[in-house]
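Student: Got a predicted model here, sequence first, then my questions.
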Amino acid sequence: MEIICNQNELNNSIQLVSKAVASRPTHPILANILLTADEGTNKISLTGFDLNLGIQTSFDGTVKNSGAITIPSKLLSEIVNKLPNETPVSLEAEESSDNILIKSDRGSFTLKGIPSDEYPNLPFVESGTSLNIDPTSFLKALKSTIFASSNDDSKQLLTGVNFTFKTNHLESASTDGHRLAVALIGNEKYTENKENSSSNDGNLSVTIPTRSLREIEKLVSLRSSENSIKLFYDKGQVVFISSNQIITTRTLEGNYPNYSQLIPDTFSKILNFNTKKLIDALERIAVLADQQSSVVKIKLDDTDLASISADAQDIGNANESIPVSYSGENFDIAFNVRYLLEGLKVISSENVILKCNISTTPAVFVPEDNLNSFTYLVMPVQVRS
């Protein structure tokens, strides 16, 4: 195999697929990137696959001889990254020894590869469900909920985001047990082809690990100008395909919690804040709140101002008042300030509505201009008086 390509394109492709290379491989070849070259199309393809997440990307180059080889990911990445930008790079694989010779105008490197026939094939979905998804809608649904997923591996299903593809909208949800984010995005562009779909009520519902979604987010962001991205699902595997990239990931198996049951039907207290003023005040108060318990208290009295405060024992305290639209009895409620900020920052509405009952039951934040598009439920923190 012999190829010549641009350093920048090769480097970008290596950085992309290396995210799917196993950090603690169960087999030496899983620490490698698969490089394949096709003389007929002059296409160069790179693949990383850790048996859970797989990323494949291709780009144009000059292919003098077709072939395939796997190359140590870490070494290849560091070498190509340090070569002069935008210069031609040639890679040549010797069939007899599996050595890879990397040459640029500054010098050459030789690495020991592993034959490609030992590299596991990326799973491809041949039957099941296929969808054409609108990149912009999917990206919005992902960004609105991914932050609320759990980091605790023992919670398995909660370490991902649940997506439900309905007739003309997309619903995404994530929870870590302390908060819940649900986004409802209109998505009239997607069409579907279902065979043997195991979804509920005819809708496709899949839970995708957050780690995989971080990489899918990058792919979809780069492709947001495209009309659609193909999604295939079958037997615990999801594959996203755009013009020159493929990402495949295992899904998290099991029934995602029925989160709609967690949201209260009625609320006795409705507060209306300016979103930016609330975020700015919380960020200032967070300077002290983060020193200890991350707890902020929101207090309402007879005025048209809400008091936001934090008390860091033996360090100091902070207090700020911001305008609020509220008519009701006096009360106070406390939250983890990080939870509040992460949820508020995905709300694009000028005003945000806080709905609650008492200081020990779930509170819900919704955008004022589109109440049903996003729901963020947060459990209050109980504070001793």
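Tutor: That came in fine, so what should we check first?
Student: Quick check: Asp117 is in a helix.
Tutor: Yes - under DSSP: H, G, I helix; E, B strand; the rest coil, Asp117 sits within a helix.
Student: neighbours of it, just the number please.
Tutor: 8 (other Cβ atoms under 10 Å). The way it works is simple: take the backbone N, C-alpha and C, and place the C-beta from them, glycine included.
Student: cool, Ser172 as well?
Tutor: Around Ser172 there are 25 residues (other Cβ under 10 Å).
Student: before we move on, what about Ser104?
Tutor: The number of residues near Ser104, taken as other Cβ under 10 Å, comes to 17.
Student: Just confirm it contacts Leu83, I think it does.
Tutor: Yes - applying Cβ atoms under 8 Å, one finds Ser104 in contact with Leu83, separated by 4.8 Å.
Student: what residues are shared contacts of the two?
Tutor: Listed as contacting both Ser104 and Leu83 by Cβ atoms under 8 Å, 6 or more residues apart in numbering are Gln7, Val89.
Student: Break this structure into its domains for me.
Tutor: What automatic domain parsing lists as the domains of the chain is 2-118, 129-260, 263-378.
Student: So which of those is nearest Arg384?
Tutor: Closest approach to Arg384 among these is made by domain 263-378 (10.3 Å; Cβ to Cβ).
Student: same question for that closest one, mean pLDDT?
Tutor: Average pLDDT, domain 263-378: 93.
Student: same question, stretch 206-221
Tutor: For stretch 206-221, the per-residue pLDDT averages 92.
Student: Show me how far that stretch is from its chain's centre.
Tutor: 4 Å (Cα atoms, centre = their mean, to the nearest Å).
Student: send the alpha carbons of it over as PDB?
Tutor: Coordinates of each C-alpha in stretch 206-221 appear next as PDB, following Å, rounded to 0.1, in the frame of the first residue of the first chain:
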ATOM      1  CA  VAL A 206     -33.100   4.400  21.900                       C
ATOM      2  CA  THR A 207     -30.800   5.300  24.800                       C
ATOM      3  CA  ILE A 208     -27.300   6.300  23.500                       C
ATOM      4  CA  PRO A 209     -24.300   6.500  25.900                       C
ATOM      5  CA  THR A 210     -23.200  10.000  26.700                       C
ATOM      6  CA  ARG A 211     -19.600   9.200  25.700                       C
ATOM      7  CA  SER A 212     -20.700   8.200  22.200                       C
ATOM      8  CA  LEU A 213     -23.000  11.200  22.000                       C
ATOM      9  CA  ARG A 214     -20.000  13.600  22.500                       C
ATOM     10  CA  GLU A 215     -18.500  12.200  19.300                       C
ATOM     11  CA  ILE A 216     -21.800  12.000  17.500                       C
ATOM     12  CA  GLU A 217     -22.400  15.700  18.400                       C
ATOM     13  CA  LYS A 218     -19.100  16.600  16.600                       C
ATOM     14  CA  LEU A 219     -20.100  14.700  13.500                       C
ATOM     15  CA  VAL A 220     -23.600  16.200  13.400                       C
ATOM     16  CA  SER A 221     -22.200  19.700  14.100                       C
END
